[in-house]
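S.K.: predicted structure and sequence below. I'll ask about it afterward.
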Amino acid sequence: MIIRLTTFCFVIGLIGLPARGQEPRLVDFQQHIQPIFQQRCLNCHGPKDAKNDFRVDDRDSLLAYIEPGSPSSSSLWTDYLRTGDPEMLMPPASDAHPGGLSAGELLLVKAWIEEGAEGSWASEDAQQTMQSTPDASA
């Protein structure tokens, strides 16, 4: 009887644990990353003007520059967001913003990539919002 009760309690305890690799995500694409892309990238890399054929509103295009789980292996991170080359730094400087993302934006993008760069591009609402942002700056 004691062994059954102990086994039962052990199994119930395991059920309450998250499965390995399913730790809660700290960064949500729609809440944290999509607004950064809308405000800072979409004007130059969206449906109306996809410079260098790169679009932040297209999952496949975006993931071609990202190695999920590894910012240091992601060209989006190393070649454009954290580069030392001012000609390659994105977004470029403008009257409204200095070049590059803010420290907070960089932390969010890095954490998002580290967490697997998952997101809900398929959401119709998310796609509509991404495509209808009129005053995004590169």
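M.R.: Thanks, I have the structure now.
S.K.: name the SS class of the nearest residue to residue 65 once chain neighbours are set aside, please.
M.R.: Counting by Cβ to Cβ, 6 or more residues apart in numbering, residue 65 lies nearest to residue 76, which is 3.9 Å off, once chain neighbours are set aside. The C-beta positions use only the backbone N, C-alpha and C, and glycine is treated the same way. Here residue 76 is recorded as helix under DSSP: H, G, I helix; E, B strand; the rest coil.
S.K.: what's the mean pLDDT across stretch 71-84?
M.R.: Taken as a whole, stretch 71-84 has a mean pLDDT of 97.
S.K.: isn't there a helix covering residue 60?
M.R.: Yes: applying three-state DSSP, one finds residue 60 inside a helix.
S.K.: what's the local residue count around it?
M.R.: 8 (other Cβ atoms under 10 Å).
S.K.: how close does it get to residue 54?
M.R.: For residue 60, the distance to residue 54 (Cβ to Cβ, to the nearest Å) stands at 11 Å.
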